[in-house]
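Visitor: Here is my input, please return the structure:
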Amino acid sequence: MEVALISISVVIMAVRLWMLRGMWRLPFKHGEEYFFAQIVGPGFYGGAGATLLRQYRRSLFIPLVLDAPLAIWLVVTERLVLVFVEQWLAILVTIVIYNMLTVHFSVRATTMAGRQDELPTAVQLSMSPRRLRDYTNWPVEAVIWVLMLTGVVLTRAYALGGGRGESPGPDHVWEALGTPIWISYLEAGLLLLKVVFVRWRMPLPANRTEDFRKWRGAWLSYHLKLIDSIRMLFAALMVTGLVAKLRGEGWSRATLIITVPGWIVMLTVYLIYITRESRRLATVEREVKPVELVKEFPRRPVPAGRFFAGGLLYFNRDNPVVIVRSAEGIAINLAHYSAYAWVAYFIGLITLSVLVAR
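Guide: Next up, the predicted model:
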């Protein structure tokens, strides 16, 4: 069991370092005259842009700095189950933080470049309905649900003493239910995240509208496939883990020989799939050049309301937007209902993870 947990935790950490490597040069993706998709002009990185770039790159280590002491302590104290759980949570939080940092520093770069006062081009707002069922891959959903139901059946078998030949007790039942409950909670959160992406509206530029629709469709398809692949990976890991536990008493050497390579293969297939989909999105971006479409959108004004934490947090019950522009970049509207919902979800996830690990 220990070998399996250490192997998966190492793979997850490697994925996080690979993400950091990709984010390191992301501001230069479109050339030296851009900071992400924002035009900053020549010489920007020789002046104030150099300081901004250093701040951006330092901020990329925030997720690692936050969880490194905890991860090291858990390894030293041999709480390997907690290491496994903590690394899964860390990679999800890392994805959220990196997306927020991208938007935040992009806005700051535009402000520093002095382009916030340019006259915007006219835009439209797409009023077409965005429903989750219209963006659902039903064969993929069927596979995920089959895996989840299989996990329920295996959980019941294990809770009744399967694999141990014992009479089920409270500890045995909780051991059987803990992981499936945790996986189900993660699946629910990822499904809610899909809803966020599907309902996320963007204005349509008056010029090159069809090009923007093409890029937006490819961008949305990539992120929905990313979420679905993570959901399927979680469900598959749960099933294989329960099957291994049902094979016999504890995690025997034979069980580990079968299970660990299987998990590594699944993670490898996942990485290959995501790499392929990211290349498809990159192909569309090279064709459409969405960086040129950024100039078509107007700058959002800094809204009225109270800002906290250096402009990172915002409070205004009358503002229907959860992410707003601030003088320092972007801010999260703490008065928005979705902010409360996601804070509650992450508190519940952390609490449940600790209970399962214990």
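Visitor: Only C-alpha atoms from now on, for both contacts and neighbour counts.
Guide: Noted.
Visitor: shaky segments in the stretch 1-150 of the chain?
Guide: Counting by pLDDT under 70, the stretch 1-150 of the chain has low-confidence residues at 1-4, 81, 114-129.
Visitor: could you pull out the helices for it?
Guide: 2-24, 48-59, 62-76, 80-112, 138-159 (DSSP state H, counting those that start in this stretch).
Visitor: Against which helices or strands is the longest one packed?
Guide: When contacts are defined as 3 or more C-alpha pairs under 8 Å, 6 or more residues apart in numbering; DSSP states H and E, helix 80-112 packs onto helix 2-24, strand 38-39, helix 48-59, helix 62-76, strand 329-333, helix 337-357.
Visitor: now with 6 Å?
Guide: strand 329-333 (3 or more C-alpha pairs under 6 Å, 6 or more residues apart in numbering; DSSP states H and E).
Visitor: in its sheet, what does the strand it packs on sit against?
Guide: strand 313-315 (parallel), strand 323-326 (antiparallel) (DSSP bridges).
Visitor: Next, the angle helix 80-112 makes with that strand.
Guide: Counting by axes from the mean of the first three to the mean of the last three C-alpha atoms, to 10 degrees, strand 329-333 points 130 degrees away from the direction of helix 80-112.
Visitor: which residues touch strand 329-333?
Guide: Strand 329-333 is contacted by residues 104, 107, 108, 312, 313, 314, 315, 322, 323, 324 when judged by C-alpha atoms under 6 Å, 6 or more residues apart in numbering.
Visitor: Among those residues, find me the one that's closest to residue 267.
Guide: residue 104 (30.9 Å; C-alpha to C-alpha).
Visitor: residues near the closest one, how many?
Guide: Per other C-alpha atoms under 10 Å, the neighbour tally for residue 104 reads 19.
Visitor: got it, and residue 201?
Guide: 14.
Visitor: picking up where we left off before, ok, so of the contacts of strand 329-333, who is nearest residue 272?
Guide: residue 104 (29.6 Å).
Visitor: The stretch 201-350 of the chain: helices as residue ranges?
Guide: Under DSSP H, counting those that start in this stretch, the stretch 201-350 of the chain gives helices at 209-246, 253-288, 337-357.
Visitor: Buried residues, the first one. List them.
Guide: When you say that, I think you mean helix 209-246. 211-212, 215-216, 218-246 (16 or more other C-alpha atoms under 10 Å).
Visitor: Need phi/psi at residue 302.
Guide: The phi/psi pair for residue 302 (degrees, to the nearest 10) reads phi -70, psi 120.
Visitor: before we move on, the earlier item: residue 147: which of the helices of the stretch 201-350 of the chain is closest?
Guide: Nearest of the helices of the stretch 201-350 of the chain (C-alpha to C-alpha): helix 209-246, 5.8 Å.
Visitor: elements contacting that closest one?
Guide: helix 138-159, helix 253-288.
Visitor: Nearest to residue 65 among these would be which one?
Guide: helix 253-288 (24.5 Å).
Visitor: So which other helices or strands are in contact with the closest one?
Guide: helix 209-246.
Visitor: what pLDDT, on average, does the helix it packs on get?
Guide: Average pLDDT, helix 209-246: 86.
Visitor: Report the inter-axis angle for it versus helix 138-159.
Guide: Going by the same axes, to 10 degrees, helix 209-246 makes 20 degrees with helix 138-159.
Visitor: and helix 209-246, how far from the chain's centre?
Guide: Taking C-alpha atoms, centre = their mean, to the nearest Å, the mean C-alpha location of helix 209-246 is offset from the chain mean by 11 Å.
Visitor: Specify the angle between it and helix 253-288 in degrees.
Guide: 180 degrees.
Visitor: got any ranges where the stretch 251-358 of the chain has weak pLDDT?
Guide: If you take pLDDT under 70 as the line, the stretch 251-358 of the chain has these spans: 251-260, 294-299, 357-358.
Visitor: Give me the most central residue, the protein.
Guide: residue 95 (3.8 Å; C-alpha atoms, centre = their mean).
Visitor: and the gap between that one and residue 350?
Guide: Distance of residue 95 to residue 350, computed by C-alpha to C-alpha, to the nearest Å: 17 Å.
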